[in-house]
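J.: 3D, please:
(one chain, ligands or ions: 1)
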Amino acid sequence: MKYPGVKIYLSKDIPEEAVYALKSSYWCDVNKKLWIHAADIFMFGGYLTPKVLFKPPFNLIQAETTCLECRKKVTVCAVEASGYVPVSGAGPEMAITLGRLLNIELEEIALRTVYLTCVQEYPPELLKMIRRHSFLFRKRNFGEDNDYFANACSHCKSPIDDFLLFYEQDGVLARCNPSHDRTLFPLNYVLPIVVDAQFA
Ligand SMILES: [Zn+2]
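T.: Here you go, the predicted structure:
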């Protein structure tokens, strides 16, 4: 495998007795999930949830929007990847697909920039680079069982829903709305990431 060290986060619903049997899994305090090295993925098929593989290089994009709570101008950020492959299906099948994907040259994945949205887990090393630009970017709750990494207003601290930024017609980062000013900062993270997320 070309990328055996990529972190793969496991399902949140692993029975406690099973955790003891999963000797090569590790706890991530940032994401509150168990993770494994991609090299071990075939042993953990039963504990995988649908993922998206995002390919480097990654950029941090900043744009300005209006906070819906306090109506002030606020800078929000997004992570942009250079390509993506969604992987879903039954766990063991996913393990095989992901194992194969992490063994190909990344150039084989089509070059197409996308924003990562509703990201439930970030490799902590990448998250640190994002938070250097935006320290309010962290995991937030948007209703029952809907936790993901999101922006917040720097004035009133209200969380800012990814839906408003990326999927609403006048969302500042919506693809159908390319006219807004966006500032780009390269993120120095060279590995692909495999995360529970969506993309826009
Ligand atoms: Zn606000």
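
J.: quick one: contacts for Asp40?
T.: Contact partners of Asp40, counting by CB atoms under 8 Å, 6 or more residues apart in numbering, are Ser24. In this view, the C-beta of every residue, glycine as well, is placed from N, C-alpha and C.

J.: If you tally nearby residues, what's the number for Lys157?
T.: Per other CB atoms under 10 Å, the neighbour tally for Lys157 reads 11.

J.: any idea how far it lies from Phe137?
T.: Computed as CB to CB, to the nearest Å, the Lys157 to Phe137 distance reads 13 Å.

J.: now Lys12
T.: For Lys12 relative to Phe137 (CB to CB), the value is 21 Å.

J.: before we move on, what about Cys67?
T.: For Cys67, the distance to Phe137 - CB to CB - is 15 Å.

J.: got it, and Arg71?
T.: Distance of Arg71 to Phe137, computed by CB to CB: 21 Å.

J.: any weak-confidence spans in this protein?
T.: For the chain, no stretch has pLDDT under 70.

J.: Quick check: longest helix in it by residues?
T.: Secondary structure assigned by DSSP state H gives helix 91-101 as the longest helix of the chain.

J.: buried ones in that one?
T.: Of all the residues in helix 91-101, those buried under the rule 16 or more other CB atoms under 10 Å are Gly91, Met94, Ala95, Thr97, Leu98, Gly99, Leu101.

J.: Spell out which parts of the protein neighbour the ion.
T.: Within the chain, the positions lying close to the ion (CB under 5 Å from the ion) are Cys67, Glu69, Cys70, Cys153, His155, Cys156, Ser158.

J.: For the residue nearest to the spatial centre of the chain, give the beta-bridge partners.
T.: Central residue of the chain (CA atoms, centre = their mean): Val119, 3.7 Å from the mean position. Taking DSSP bridges, one obtains Phe149 as the residues bridged to Val119.

J.: which element is Trp35 on?
T.: Secondary structure assigned from DSSP states H and E places Trp35 in strand 33-37.

J.: In stretch 181-190, which residues are buried?
T.: Buried residues in stretch 181-190 (16+ other CB under 10 Å): Leu187, Tyr189.

J.: Same check on stretch 78-88?
T.: Under the neighbour-count criterion of 16+ other CB under 10 Å, stretch 78-88 has Ala78, Val79, Glu80, Ala81, Ser82, Gly83, Tyr84, Val85, Val87 buried.

J.: out of those, which one sits closest to Val172?
T.: The closest of those to Val172 turns out to be Ala78 (CB to CB; 9.4 Å).

J.: Relative to the ion, how far out is that closest one?
T.: From Ala78 across to the ion, the span is 18 Å (CB to the ion, to the nearest Å).

J.: who are the neighbours in contact with that residue?
T.: Leu60, Ile61, Ala63, Tyr115, Leu116, Thr117, Leu165, Phe166, Leu173.
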